[in-house]
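In: Prediction below, plus the sequence it came from.
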Amino acid sequence: MPKIPFWVFIIVGLLYFTAVRVDIMDIDASQYAEISREMMHSGDYLHIFDRGKDYLDKPPFLFWVSAASMKVFGVNNFGYRFPSILFALLAVYATYRLTRLLYDERTARVAALILATCQGMFLMTNDVRTDTILMSWVITAVWMIKECDIKRRWYYVLGGTAAIAFGMMTKGPIALMVPIFCFGSDWALKRQWKKIFNPLHLLDAFLITLFLIPMSIGLYQQFDMHPEKIIDGETHVSGIKFFFWTQSFGRITGENHWNNGAGFDFLISNMFWSFLPWIFLFLPALVINVYELIKQKFRLQPEQEWISTGGFLLAYVALGSSHYQLPHYIFVVFPLAAIMVAKLLRDMLELKKYNGLLKVMKPFQVFISSLLFAAVLLILVFTFPVGALGILLWVIALAIWLFLMFNKTIQPKIFWSGTVAIIVANIFMTNYFYYNLLHYQVGTQVGKFIFDNHVPGNKVVYYRIHDPLNALPFYAQHVISMDSSAENMSRGKYILTDSSGLMALKERGNDYDMVKQGTFFKVSELTPEFLNAKTRNKALNNYYFVLLK
């Protein structure tokens, strides 16, 4: 097994923090940033509002910590991202601690670095949503529960239940279900029935309920006490029921109307990019673990663990059964996948098992790593062309990687080839690709202009512009009106619109001064036409920020 020095984790952590240079992306991340800003501005941490309207979707924990961070660091990219980056680092640490309990020190460091360097982690620190914090609380809960199982200390009980509750306050009951899947499968396969039916679990349930009280009070006050409120076109909407049932289990039963037709294979298919470069080691690790369990007639030995594999499989079944799925839903169990890959590497490299698989996967991982360098080169040449200095930096990075690949003292290649390649790729992705991409987001451009030029936010209206615009109120630091009725588009109002909207204003006889204009693209929906610098102009739309006379 590779001996991983601590400074490697420092490099990865610093890379996470470079994401604060990048503007916040529409749709979800900028919406959550604006909700956090409104919460910070109002000081009301129990009730959630999005652009001044009641919000019932995600639980409040992300908004709480982001609002608190903005209170200290200001309303900016750093203020919003800082808590989530810290939680990403906590997830890496918790994965290390759990794996050390299950296996050994070297395997633990490998598992931690696998999680830290999968593509999904870099994406989560760029496009910050609830999943980073959820993943961190879940793996922290699993680690704490395992510590309690071994050492019987009260503070691990408190830590584990608090982590589950905070995870539920981040993204719902999945934070409770994953630890249940992990330990329920592990104890059942070891026939440890006393652990499953331990009456002390009633204390766990009580503590979790206790921690959930503040959020539950807020939901009850905002929604259950006001059945007259119209939420998604319906009245008599219970915030308590929505959170504990409809939003999660309702997606399986059909009570939740969200349905994007995603099949059971949707999440594993998306892992082919989100768990790069480790996905091709994860798949055989999963197959081997299941095959060996079948060989053992579904009975584990005391020294074996099924926490990682059982937790992943059962969580996948639950998430994959939902009628509505997005690629990042599977991120919650990435720490478990990382542990499975680390175990496979330990078996191959230390225990000398699966030699045939090792011979195949070693060159294959090097090949996948080389493709990462090729992808970065394509971005530097065709998507956002750079000058000689940018190409020189890429050549230097490639030379370092090649040196490591041909240096016989640096082993094993199956691990370090992917680790170095994915770190280098994301240095360019974060600090160049995402940085340039977000310049095309109209909400960011106009929002910053409104704030910098002291345009009164209460006089701004957007009209007929086909873009989420969630970033607009955040960067303007003011709630922007969505009401584009004739009464709200009077003299002295600033109108943000596109070409069709500008034509409509002219047809209505509105006279205006052009304040700002430019081009934009919906950056969450990339197309080949946009990614090619030579054809990008065809993919761009025009926006206009005008002042009605």
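Out: On my side now, so go ahead.
In: can you give me the strands in this protein?
Out: Ranges of strands in the chain, per DSSP state E, are 49-50, 53-54, 460-463, 494-498, 512-520, 541-548.
In: Can you list the strands that the second one pairs with?
Out: Pointing back at strand 53-54 there. The strands that strand 53-54 pairs with in its sheet are strand 49-50 (antiparallel) (by DSSP bridges).
In: Kindly provide the whole-number mean pLDDT of the partner strand.
Out: The pLDDT scores in strand 49-50 average 92.
In: Just give me how far that strand sits from the chain centre.
Out: Put simply, strand 49-50 sits 21 Å off its chain's centre (CA atoms, centre = their mean, to the nearest Å).
In: what residue ranges in the protein score low on pLDDT?
Out: Within the chain, the segments meeting pLDDT under 70 span 250-258, 260.
In: If we use 80, what do you get?
Out: Applying pLDDT under 80 to the chain picks out residues 231-234, 245-262, 323-324, 483-488.
In: quick one, domains of it?
Out: What automatic domain parsing lists as the domains of the chain is 6-349, 441-548.
In: start to end distance for the shortest one?
Out: In domain 441-548, first residue to last residue: 24 Å (CA to CA, to the nearest Å).
In: hang on, the earlier thing: can you put the domains of the chain in CSV and add distance to residue 410 and mean neighbour count?
Out: The C-beta positions use only the backbone N, C-alpha and C, and glycine is treated the same way. CSV is the format used below for the domains of the chain (distance: least, CB to CB, whole Å; neighbours: other CB atoms under 10 Å):
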stretch, distance to residue 410, mean neighbour count
domain 6-349, 12, 19
domain 441-548, 34, 17
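In: I'd like to know which of these is closest to residue 377.
Out: Closest of the domains of the chain to residue 377 is domain 441-548, at 13.8 Å (criterion: CB to CB).
In: coming back round to it: looking at the strands of the chain, which is closest to residue 214?
Out: From these, taking CB to CB, the stretch that ends up closest is strand 49-50, at 17.1 Å.
In: So what touches that closest one?
Out: Residues outside strand 49-50 that contact it (CB atoms under 8 Å, 6 or more residues apart in numbering) are 31, 34, 35, 38, 39, 42, 55.
In: quick one, what contacts the first one?
Out: So that's residue 31. With CB under 8 Å, 6+ apart, residue 31 has these contacts: 50, 468, 470.
In: can we see that at 10 Å?
Out: 24, 50-51, 55, 57-58, 129, 468-471, 473-474 (CB atoms under 10 Å, 6 or more residues apart in numbering).
In: The fifth one too?
Out: Contacts for residue 39 (CB under 10 Å, 6+ apart) come out as 45-49, 55, 60, 63-64, 66-68, 70-71.
In: can you rerun that using 7 Å?
Out: Residues counted as contacts of residue 39 (CB atoms under 7 Å, 6 or more residues apart in numbering) are 45, 48, 63, 67.
In: Repeat that for the fourth one.
Out: Contact partners of residue 38, counting by CB under 7 Å, 6+ apart, are residue 49.
In: Distance check, it against residue 431.
Out: 30 Å (CB to CB, to the nearest Å).
In: Kindly report the same for the second one.
Out: Noted for residue 34: a distance of 25 Å to residue 431, by CB to CB.
In: Equivalent analysis for residue 529, please.
Out: Look at residue 529 and residue 431: by CB to CB, they are 25 Å apart.
In: ok so, going back, kindly reformat the strands of the chain as TSV containing distance to residue 390.
Out: Compiled in TSV, these are given as follows (distance: least, CB to CB, whole Å):
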stretch	distance to residue 390
strand 49-50	39
strand 53-54	44
strand 460-463	36
strand 494-498	33
strand 512-520	23
strand 541-548	28
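In: Figure out which of those is closest to residue 186.
Out: For the strands of the chain, the distance to residue 186 is smallest for strand 49-50, at 40.1 Å, taking CB to CB.
In: still on that earlier bit, tell me the one of the contacts of residue 39 nearest residue 240?
Out: Residue 240 lies nearest to residue 48 out of the contacts of residue 39, by CB to CB, at 14.1 Å.
In: How much space separates the closest residue to the closest one other than its chain neighbours from residue 494?
Out: Spatially, and ignoring its direct neighbours in sequence, residue 48 is nearest to residue 55 (4.4 Å; CB to CB, 6 or more residues apart in numbering). Residue 55 is 25 Å from residue 494, where distance means CB to CB.
In: Same question for residue 43.
Out: Taking CB to CB as the measure, residue 43 falls 28 Å from residue 494.
In: phi, psi of the residue nearest to residue 242 when sequence neighbours are not counted?
Out: In this structure, residue 242 finds its nearest non-sequential neighbour in residue 56, 5.9 Å apart by CB to CB, 6+ apart. Per-residue torsions, residue 56: phi -130, psi 90 (degrees, to the nearest 10).
In: Next up, the contacts around the nearest residue to residue 522 once chain neighbours are set aside.
Out: Excluding its sequence neighbours, the residue lying closest to residue 522 (CB to CB, 6+ apart) is residue 467, at 5.7 Å. Counting by CB under 7 Å, 6+ apart, residue 467 touches 442, 443, 520, 522.
In: Which single one of those residues is nearest to residue 182?
Out: Nearest to residue 182 out of the contacts of residue 467 is residue 522 (CB to CB; 38.5 Å).
In: for the stretch 1-150 of the chain, what spans make up the helices?
Out: Using DSSP state H, counting those that start in this stretch, the helices of the stretch 1-150 of the chain run over 6-17, 28-42, 61-73, 77-102, 105-117, 119-126, 131-151.
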